[in-house]
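K.L.:
Just to be clear, the model below is a prediction. Sequence and coordinates:
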Amino acid sequence: MAKPPVLQNGPVSYSGTMTKIDELFTAHKLWLAPDRLALAKKIAPEITCAFTSGHDPIPNEILDVLPNLKLVACFGVGVDGVNVAELTRRGITVTNTPDVLTEEVADLGLGLLLATTRQMIKGDRYVRSGEWVKRGNMEMTWSLTGGKAIGIVGLGRIGKAIAKRCEAFNLKVAYHGRSKQADVSYRYYADPVELARDSDFLMIVTPGGPGTKHLVNARVIEALGPNGVLINISRGSVVDQAALVKALKEKKIAAAGLDVFEVEPCVPEGLADMPDNVVLQPHQASATHETRGAMGDLMIANVQAFLAGKKPLTPVN
Ligand code: 8YV
């Protein structure tokens, strides 16, 4: 039986999924085409579905020549990089891959909190460089436990999974979001500045996009205080990166652990040249074989459901 045709806007960040797409579909790979518009026009009559990562939108000039496109399936839970409003206006359903990555991302969030607060990456360098032999024990770090307070910015599925892990670390959990959630017992803060003021650690988990751009601004960062630790596993756009660098350099906060950046994969020198109190990760919170495989399977399942005349599994619009 012929493999159904789909448009693949760009590669997704798991090779197993790329292989599966080629096994199951006749995938027209737009990003490899010498003339993307010409390819789109040529395949337009047969294209009803497209795959894309959550980071790169399908250009409007391409959408204009795909009148039969009805579903865009994204690889990732965050779709701030995809033009959802435009796709909705055109009557195109957008799907993402929630839930299958929740625990993985929460694990990395706690791992980054631990690694940053206890300076584990610095410790690794300290041993490898011979400093331990030369200088003896590394200087003390900060405690993560003992009833310290963590503020979670964005108590969604991932935020709640992080909160559960924080309770196991005896951390007092509070959160900020658009509104108070009736079904959680954690203290709610309508103002992120006040949440930061009352927290030792600030964990940024909220979705990216225009509504959260620089939500964590200089005032929020400085309210965290000189012993404060900021962790960002959401989107680089949520934190004012220049303000963060300034606060770190001026020791207005103690440390930061970052898995996401305003312009990836570019990391400003200001962050890269503070190895002792800044831990950097290459946007890898969901990057395990198990989780990226599950994300790819869910993305594919959305397209298969649509092609079988059923409702997509995880629509966002
Ligand atoms: C992406 C992510 O899937 O799910 C998200 O929103 O940020 C990641 O898990 C990854 O960047 C691959 O595009």
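P.N.:
Received it, and whenever you're ready, just let me know what you need. Numbering: from 1, shown residues only.
K.L.:
Residue 28 belongs to a strand, doesn't it?
P.N.:
Yes - Residue 28 forms part of a strand when assessed by DSSP: H, G, I helix; E, B strand; the rest coil.
K.L.:
okay, now it: neighbour count?
P.N.:
Around residue 28 there are 19 other residues, counting by other C-beta atoms under 10 Å. Placement of C-beta: from N, CA and C, glycine included.
K.L.:
Could you pull up the residues touching it?
P.N.:
5, 6, 7, 8, 39, 43, 47 (C-beta atoms under 8 Å, 6 or more residues apart in numbering).
K.L.:
Most widely separated two among those residues?
P.N.:
Every pair in the contacts of residue 28 was compared (C-beta to C-beta); the two farthest apart turn out to be 6 and 39, at 12.9 Å.
K.L.:
Neighbour count for the two, which is higher?
P.N.:
Legend: neighbour count by other C-beta under 10 Å for residue 6 and residue 39, higher for residue 6 (24 against 18).
K.L.:
Ramachandran coordinates for the more buried one?
P.N.:
Dihedral pair for residue 6: phi -140, psi 160, per degrees, to the nearest 10.
K.L.:
beta partners for it?
P.N.:
With beta bridges defined as DSSP bridges, residue 6 has these partners: residue 27.
K.L.:
re earlier: go through the contacts of residue 28 and say which is closest to the ligand.
P.N.:
residue 8 (13.7 Å; C-beta to the nearest ligand atom).
K.L.:
tell me the pLDDT at residue 147?
P.N.:
At residue 147, the predicted lDDT confidence score is 85.
K.L.:
can you list the residues of the stretch 201-317 of the chain near the ligand?
P.N.:
Near the ligand, the residues belonging to the stretch 201-317 of the chain are 283, 286 when assessed by C-beta under 6 Å from any ligand atom.
K.L.:
What about the nearest residue to residue 101 once chain neighbours are set aside, how many residues nearby?
P.N.:
Computed as C-beta to C-beta, 6 or more residues apart in numbering, the closest residue to residue 101 that is not its neighbour in sequence is residue 286, at 4.2 Å. Taking other C-beta under 10 Å as the criterion, the count of residues near residue 286 is 26.
K.L.:
Please produce a markdown table containing the contacts of residue 28, extended by distance to the ligand.
P.N.:
Supplementary listing: the contacts of residue 28 in a markdown table, determined by distance: C-beta to the nearest ligand atom, whole Å:
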| residue | distance to the ligand |
| --- | --- |
| 5 | 23 |
| 6 | 18 |
| 7 | 17 |
| 8 | 14 |
| 39 | 23 |
| 43 | 24 |
| 47 | 22 |
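K.L.:
And for the lowest-mean-pLDDT helix or strand in the chain, what's in contact with it?
P.N.:
Lowest on mean pLDDT, DSSP states H and E among the helices and strands of the chain sits helix 269-272, with a mean of 90. Residues outside helix 269-272 that contact it (C-beta under 8 Å, 6+ apart): 241, 242, 244, 245, 248, 249, 256, 258, 261, 278, 280.
K.L.:
circling back to that earlier point, which secondary structure element contains the residue nearest to residue 101?
P.N.:
Remark: residue 286 resides in no helix or strand, with elements defined by DSSP states H and E.
K.L.:
My read is that it contacts residue 295, right?
P.N.:
Yes - contact status for residue 286 versus residue 295: in contact at 6.6 Å, counting by C-beta atoms under 8 Å.
K.L.:
any shared contact partners between these two?
P.N.:
Overlap of the contact sets of residue 286 and residue 295 (by C-beta under 8 Å, 6+ apart) consists of 76, 101.
K.L.:
In contact with the residue nearest to residue 101: list those residues for me.
P.N.:
With contacts defined as C-beta under 8 Å, 6+ apart, residue 286 is in contact with 76, 101, 104, 105, 292, 295.
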